[in-house]
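**Student:** one predicted model, sequence on top.
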Amino acid sequence: ARAVGGAGEGERNFNVFYEYLSALGRSADDYAILSGPRGRRDGVSDADMHARCLEGCSRLGLDFPRDVVEFCLEVGNWRPGGSLADACSSLGVDEATMAAALTKRTINVQGERFTRELEPAEQLRKAAGVIMAVYSSCFTDLVFRINS
């Protein structure tokens, strides 16, 4: 939940988002899933921390998961009825498939298939769930590769 705005009072979401954006000269204010204070409590530069993260990834023979970070940020900005093109292109996901996954519910009952459009609030909850799943999967994969 923390990855999609669930940070506690006075806390930021995962620092990787802020560090990545700072290194690119982009503002965290432009991303809906980012909440909390913009500066670090320890006074360290987010851009410097991103550089250290890239250095650590390089030492471990890992690529920084830029595509996952971009996907999370872009899906976090998505609103029902809006485009998912930028988010989907970052991970190479088919936009129509992602749109259907976020906006519709399909059930099969006795061989019949029923599909209904979700309410906007349900669509946003599904988007948050996708962000959490993708981020969690990436983090789990990184931990596995580091420990291997």
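**Tutor:** Now that the structure is in, tell me what you want to look at. The model shown is predicted, which means the values in this text are computed figures rather than measured ones. Numbers count the residues shown, from 1 in each chain.

**Student:** hmm, what's the outermost residue in the chain?
**Tutor:** If you look at how far each residue of the chain sits from its centre, by C-alpha atoms, centre = their mean, the farthest one is Gln110, at 36.6 Å.

**Student:** please enumerate the helices of the chain.
**Tutor:** Taking DSSP state H as the criterion, the chain carries its helices at 15-23, 46-59, 66-77, 85-91, 95-103, 120-147.

**Student:** centre of the chain to the shortest one, how far?
**Tutor:** Meaning helix 85-91. In terms of C-alpha atoms, centre = their mean, to the nearest Å, the gap separating the centre of helix 85-91 from the centre of its chain is 11 Å.

**Student:** and the helices of the chain as JSON lines, adding distance to Ile33?
**Tutor:** (C-beta placed from N, C-alpha, C; glycine too.) Shown next, in JSON lines, are these (distance: least, C-beta to C-beta, whole Å):
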{"stretch": "helix 15-23", "distance to Ile33": "8"}
{"stretch": "helix 46-59", "distance to Ile33": "16"}
{"stretch": "helix 66-77", "distance to Ile33": "3"}
{"stretch": "helix 85-91", "distance to Ile33": "12"}
{"stretch": "helix 95-103", "distance to Ile33": "15"}
{"stretch": "helix 120-147", "distance to Ile33": "7"}
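
**Student:** tabulate these (a markdown table), appending mean neighbour count and mean pLDDT.
**Tutor:** As requested, the helices of the chain are exported to a markdown table (neighbours: other C-beta atoms under 10 Å; pLDDT from 0 to 100):
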| stretch | mean neighbour count | mean pLDDT |
| --- | --- | --- |
| helix 15-23 | 21 | 91 |
| helix 46-59 | 14 | 93 |
| helix 66-77 | 20 | 95 |
| helix 85-91 | 17 | 93 |
| helix 95-103 | 16 | 96 |
| helix 120-147 | 15 | 92 |
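
**Student:** which non-adjacent residue is nearest the residue nearest the centre of the chain?
**Tutor:** The chain has Cys72 as the residue nearest its centroid, 1.7 Å off, counting by C-alpha atoms, centre = their mean. Residue nearest to Cys72 in three dimensions, not counting chain neighbours: Ile131, with 4.9 Å by C-beta to C-beta, 6 or more residues apart in numbering.
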